[in-house]
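Trainee: Predicted model and sequence below, questions to follow.
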Amino acid sequence: MKKFFWALILALPMFAFCKEEPAEPKPKVDPELSVTSETAFNLDYHAANVTVTFTCNTDWRVATNELWITVTSAQGTGSDSPVSVTLACAENESLNDRKGPVYIFVGDLNATINISQAGNPMFGAAEEIQSGSTVLATNPNVERYLTNAHYDDRDGWKTTQILDYYGGFNGKAYNENGEEDPNGTILSWGNQPTSDQPMTYSIRWNPEDIIAGKDMTLLLQDKLGWSASVAIPAGSYYTNISNLVPNDTYTYKVTIDGDGKILAQGTFNTTGHLHQVFFKKACRNGRDLGGWPTLDGKHVKYRKVYRGGRMQSETLTLPGQEEVKMEGIGAQLDLRGTSDVLSEPAISGFEFCAPVIEEGGGAMLKKDAAKTKQCFEFVVNNVRAGRGVYFHCSLGRDRTGTLDILLLGLLGVREGDISKAYEVTYFAPVGYSVSSSEKDSNPKPIFKNTRCAWVYSDVVPYFWELADQTEGKTFADGVEKYLLEVAGVSQKDIDDFRSLMLE
């Protein structure tokens, strides 16, 4: 042990002698930087690469905070040769121009490269509609459902038809084209399609025909006598149109304000089963009661009465308010209860009614019969005055569904068809088709009606029971008996409503 100790002591000087000497510090260099390329680039909206060149005599670094700009070579050392750095700029997927500074750092020196990229003037443009074309107004998923599903009267609500298609929550995978694909996506509550929204199309014109700084106007009319004037900002190459009535004919004309120059004009036709409506930014689950056939060969008129989800400041922007007015809606009926009912209309100047109804179904019809009467009279009075009515609860399902069944039933729509109209709600997203709490209890949703669980199974048998006490024994007879004998509505209001709503 002692020998080992003395050997270690004797070896220490050798270790000290072999220790590496500290490196000589690099000589201090005064940084030099000279940008030899352009320092400002103006790009169109397409993806593009720009090359920046500079010379420097020491280490350099290039950086940017812009996510749409990628620096291909971010750092290096100085040399006698010019340094070239490529900046990859992504396509601008918005209407707005954008700017992005890129910085070159050399020691305590820096230089700024400014990149400006124009917005995409066609960003957000829907499928183009051309004069002479025929287009589908209804969402394709809803259209397929309404075309293929059939329910019998009286007991039809006890069954459902689950269709295998994109949006059906049927456990199958689909690609982005809506085609069944094992490598595609299985729909869930988080990625369901927005089938409660109608189709949107764009009217376009030659960009060379616009006048810089001049706004434009779209005049849109249909054969039913409806018309709307839509303002188009200067510099636009298109305008989108939506909320189209099915089985209608439209004419359109786009002109330059103050000049009268026509940029686009033409005529197109629409098809479909349902007039769906969507109002920015999130007024969902909306649709017109019009279009349904009656048992006596008539049809419910369009643009008279609408149903939907909650209409309030959180769901309705200023552009959305203009879309509501464009439909001819001028009255709001809020069917919600104490916790969330509005105290005034979502749009200033609208006629407004909020009787405070806590639940739909039988409770709404019986316990709240007086309030149901108030709702019916509000609808009739506004239709008389030529104002479209939008009625809603929170989701647009139970209380809204109860009133919808009553109104369509009174007009003579076949109860099996009313069953289909009720089920369309389940094409809407969470918060409209089902509440968040219901979603949590249904981790594997599938598109099918829950009429057995919700108000349809309560309301419809009640009206049929009343119908069987009448001479005609039709569903419409049952609804009329309820309105007259339970709710206390006048025969005149009933007759006027039918007269104003049917053609």
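Mentor: Noted; the coordinates are in hand. Numbering: from 1, shown residues only.
Trainee: all contacts plus neighbour counts: C-alpha atoms, from now on.
Mentor: Fine.
Trainee: which residues of the stretch 351-500 of the chain fall in helices?
Mentor: Using DSSP state H, counting those that start in this stretch, the helices of the stretch 351-500 of the chain run over 362-365, 369-384, 398-410, 415-423, 436-440, 456-467, 475-481, 491-501.
Trainee: Columns distance to residue 230 and mean neighbour count on top of these, output as CSV?
Mentor: CSV is the format used below for the helices of the stretch 351-500 of the chain (distance: least, CA to CA, whole Å; neighbours: other CA atoms under 10 Å):
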stretch, distance to residue 230, mean neighbour count
helix 362-365, 40, 20
helix 369-384, 25, 20
helix 398-410, 30, 24
helix 415-423, 31, 22
helix 436-440, 37, 12
helix 456-467, 39, 20
helix 475-481, 40, 25
helix 491-501, 28, 15
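Trainee: JSON lines please, covering those and showing distance to residue 149 and mean pLDDT.
Mentor: Output for those, formatted as JSON lines (distance: least, CA to CA, whole Å; pLDDT from 0 to 100):
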{"stretch": "helix 362-365", "distance to residue 149": "26", "mean pLDDT": "96"}
{"stretch": "helix 369-384", "distance to residue 149": "30", "mean pLDDT": "98"}
{"stretch": "helix 398-410", "distance to residue 149": "18", "mean pLDDT": "97"}
{"stretch": "helix 415-423", "distance to residue 149": "8", "mean pLDDT": "93"}
{"stretch": "helix 436-440", "distance to residue 149": "24", "mean pLDDT": "61"}
{"stretch": "helix 456-467", "distance to residue 149": "17", "mean pLDDT": "95"}
{"stretch": "helix 475-481", "distance to residue 149": "20", "mean pLDDT": "98"}
{"stretch": "helix 491-501", "distance to residue 149": "25", "mean pLDDT": "98"}
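Trainee: between those helices, which one is nearest to residue 179?
Mentor: Shortest distance between residue 179 and these, using CA to CA, is found for helix 415-423: 23.5 Å.
Trainee: Next, work out how far apart residue 230 and residue 52 are.
Mentor: According to CA to CA, to the nearest Å, residue 230 and residue 52 sit 45 Å apart.
Trainee: swap that for residue 380, sorry
Mentor: Counting by CA to CA, the gap from residue 380 to residue 52 is 70 Å.
Trainee: moving C-terminal of the helix or strand bottoming out on mean pLDDT in the chain, what's the next helix or strand?
Mentor: When each helix and strand of the chain is scored by mean pLDDT, DSSP states H and E, helix 2-18 comes last, with a mean of 45. Moving toward the C-terminus from helix 2-18, the next helix or strand (DSSP states H and E) is strand 33-35.
Trainee: Adjacent strands (with direction) for that following strand?
Mentor: strand 48-56 (antiparallel) (DSSP bridges).
Trainee: gap between the strand it pairs with and the chain center?
Mentor: Once both centres are worked out by CA atoms, centre = their mean, to the nearest Å, strand 48-56 turns out to sit 42 Å from its chain's centre.
Trainee: quick one: average confidence on it?
Mentor: The predicted model gives strand 48-56 an average pLDDT of 96.
Trainee: In that strand, which residues are buried?
Mentor: Residues of strand 48-56 classed as buried: 52, 54, 55, 56 (neighbour count, 16 or more other CA atoms under 10 Å).
Trainee: Wait, the last one touches residue 34, no?
Mentor: So the one you mean is residue 56. Yes - the pair formed by residue 56 and residue 34 meets the contact definition of CA atoms under 8 Å, at 6.6 Å.
Trainee: Low-confidence bits of the stretch 151-300 of the chain, can you list those?
Mentor: Applying pLDDT under 70 to the stretch 151-300 of the chain flags residues 161-171, 175-178, 186-193.
Trainee: still on that earlier bit, nearest to residue 284 among the buried residues of strand 48-56?
Mentor: residue 52 (48.9 Å).
Trainee: Enumerate every residue touching the closest one.
Mentor: 35, 36, 37, 38, 39, 84, 85, 86, 87 (CA atoms under 8 Å, 6 or more residues apart in numbering).
Trainee: Give me the buried entries from those.
Mentor: Judged by 16+ other CA under 10 Å, buried ones among the contacts of residue 52: 35, 85, 87.
Trainee: which of the residues you listed lies closest to residue 407?
Mentor: The closest of the buried ones among the contacts of residue 52, once distances to residue 407 are taken by CA to CA, is residue 87, at 62.3 Å.
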